[in-house]
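In: here is a sequence with its predicted model. Questions after.
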Amino acid sequence: MVYMKNILKLLLLFILLTLIGCGDSDQEESSLQTSTLSTQEMLDNGDYNGVINSTENSAYSNEDYLNLATAYLGLSGLTIKNIIREIYLLDNDNENSFIELTSAITQSTKSCKTPLENFDKSTQYYMKIMGDRCSQYATYRLTDSEKEICLSQGLSQIMQSVTAINYLTGDIANLLKENSKDSKLIASSCAMQYAFNGVSECPKPIKKEPLFFIETEKIYDRIVVYAEKEEFQFLLADSPFVNNVKEVIMTNGYCTLDDFSTRIYDKSSPKYNSSTYYPCPVNLTVDDILVDSFNAGVGAVIVGANTDTELIESVSKFKDEILNDTHSRDSDVKIENIVNYLYKYAN
């Protein structure tokens, strides 16, 4: 079958992980048994932490970087094979295909507490191998194996964007229901709009005191946004590129200012105290993940997919949906496009 041939071709030079699921991100040390296994065996057994613990501090070769990229991807609950399968299952005639992918991926990563951080790590290791060559494919002559790495890098970057949307949403299932509102996404869209140009469709956000997190050594502006009578908190930072423009910081759960290890994921936790716990920064901005990673990811997949026109068309359509026919397919997605796209689903 053509479908299976395409899958096998895409995965030929990659490690096929047989066990899928979120690894234990709290595990600090591999067992004695793990230490006697090869990296390949650990990957086959789904011992992603074992690969990371035994390789990360001494990694120096492209093989090491590829193993770490694969391990962090597996730690999120996914493999390249899973991601491609989910994309192929989408109906390209559906104008909501990107949100449908977001919903499907969220189901696969829901047992993981830090999927966005894992995808970011995976992307960083792929880029240690390829640098910026996946985006400048017209300039470089890439080997088939290098194109395969570009494919994986691009898919990992798109997964970052997908996961970011999940972080910004209360219940991803609401986005595909008619006449259903997602108050958290409404607030997130308003916070992004406010950060970008000082305007908000919601009641104007309330500025709170600046917060200094010791682990990031950065100061963030905390704002409170009310949507559908619910309160949501966001962290803003100055844009490094544009004066007088803020960026929304991705957050995951709640933590104290002095230690991210205090992080909890639900306000119902007995540890939560509104006086000492705040939205916990991931140290990635919405612009980084929903704009830069998305644009680079689509470009890298187009490079890496090579002659797989079905996969190329599917990821290109994601960009079409966000741009909403207002720009050509060659245009990059910008933060205002993301704001408008998400606000459509928020309401």
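Out: Nice, thanks for sending it over.

In: switch to C-alpha atoms for all contacts and neighbour counts from now on
Out: Will do.

In: tell me where this structure has strands.
Out: For the chain, strands defined by DSSP state E occupy the ranges 206-213, 218-227, 230-238, 246-255, 278-285.

In: show me what the second one is in contact with.
Out: Translated: strand 218-227. The contact list for strand 218-227, computed with C-alpha atoms under 8 Å, 6 or more residues apart in numbering, reads 183-184, 186-187, 190-191, 202-213, 231-237.

In: the third one now?
Out: Contact partners of strand 230-238, identified using C-alpha under 8 Å, 6+ apart, comprise 183-184, 187, 191, 195, 219-226, 244-251, 279, 281.

In: returning to that earlier point: among the contacts of strand 218-227, which ones are buried?
Out: 183-184, 186-187, 190-191, 202, 204-205, 213, 232-237 (16 or more other C-alpha atoms under 10 Å).

In: who does residue 211 form a beta bridge with?
Out: Residues in a beta bridge with residue 211, per DSSP bridges, are residue 220.

In: hmm, residue 264 is touching residue 255, no?
Out: Yes: between residue 264 and residue 255 there is a contact under C-alpha atoms under 8 Å: 6.4 Å.

In: output stretch 276-289 in PDB with nothing but the alpha carbons.
Out: Output in PDB follows, covering the C-alpha atoms of stretch 276-289 (Å, rounded to 0.1, in the frame of the first residue of the first chain):
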ATOM      1  CA  THR A 276       2.600  32.500  47.600                       C
ATOM      2  CA  TYR A 277       1.700  30.600  44.400                       C
ATOM      3  CA  TYR A 278       1.700  32.200  41.000                       C
ATOM      4  CA  PRO A 279       1.500  31.100  37.300                       C
ATOM      5  CA  CYS A 280       4.700  29.100  36.800                       C
ATOM      6  CA  PRO A 281       6.700  30.300  33.700                       C
ATOM      7  CA  VAL A 282       7.900  27.800  31.200                       C
ATOM      8  CA  ASN A 283      10.500  30.400  30.000                       C
ATOM      9  CA  LEU A 284       9.000  30.400  26.500                       C
ATOM     10  CA  THR A 285       6.900  33.100  25.000                       C
ATOM     11  CA  VAL A 286       3.700  32.700  23.000                       C
ATOM     12  CA  ASP A 287       5.600  34.400  20.100                       C
ATOM     13  CA  ASP A 288       8.400  31.700  20.400                       C
ATOM     14  CA  ILE A 289       6.100  28.800  20.300                       C
END
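
In: from the chain's centroid, how far away is that stretch?
Out: Centroid displacement of stretch 276-289 relative to its chain, using C-alpha atoms, centre = their mean, to the nearest Å, is 13 Å.

In: what does that stretch contact?
Out: 117, 157, 160-161, 164, 216, 233-235, 247-257, 260, 263, 335.

In: and for stretch 172-180?
Out: With contact meaning C-alpha under 8 Å, 6+ apart, stretch 172-180 is reached by 96, 99-100, 102-103, 106, 166, 181-182, 345-347.

In: show the average pLDDT along that stretch.
Out: The average pLDDT for stretch 172-180 rounds to 73.

In: again with stretch 103-119
Out: For stretch 103-119, mean pLDDT rounds to 89.

In: using CSV, write down the CA coordinates of that stretch.
Out: Listed next in CSV are the C-alpha coordinates belonging to stretch 103-119 (Å, rounded to 0.1, in the frame of the first residue of the first chain):
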residue,chain,number,x,y,z
SER,A,103,-7.3,17.7,20.3
ALA,A,104,-5.8,14.4,19.2
ILE,A,105,-2.3,15.2,20.4
THR,A,106,-3.6,16.5,23.7
GLN,A,107,-5.2,13.1,24.3
SER,A,108,-1.8,11.4,23.7
THR,A,109,0.1,13.7,26.0
LYS,A,110,-2.5,14.2,28.7
SER,A,111,-0.6,12.0,31.2
CYS,A,112,2.5,14.1,30.9
LYS,A,113,2.9,17.2,33.1
THR,A,114,5.5,19.0,31.0
PRO,A,115,4.9,18.1,27.3
LEU,A,116,5.8,21.6,26.0
GLU,A,117,9.2,21.5,27.8
ASN,A,118,9.9,18.0,26.4
PHE,A,119,9.0,19.1,22.8
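
In: tell me the buried residues in that stretch?
Out: 103-106, 108-109, 112-119.

In: between all of the contacts of stretch 172-180, which two are at the greatest distance?
Out: Using C-alpha to C-alpha, the contacts of stretch 172-180 span at most 20.7 Å, a distance reached by 106 and 347.

In: show me the shaky parts of the stretch 1-150 of the chain.
Out: Residues of the stretch 1-150 of the chain that meet the criterion pLDDT under 70 lie in 1-36, 137-139.

In: re the thing from before, now the strands of the chain in TSV, with mean pLDDT?
Out: As requested, the strands of the chain are exported to TSV (pLDDT from 0 to 100):
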stretch	mean pLDDT
strand 206-213	92
strand 218-227	93
strand 230-238	92
strand 246-255	92
strand 278-285	90
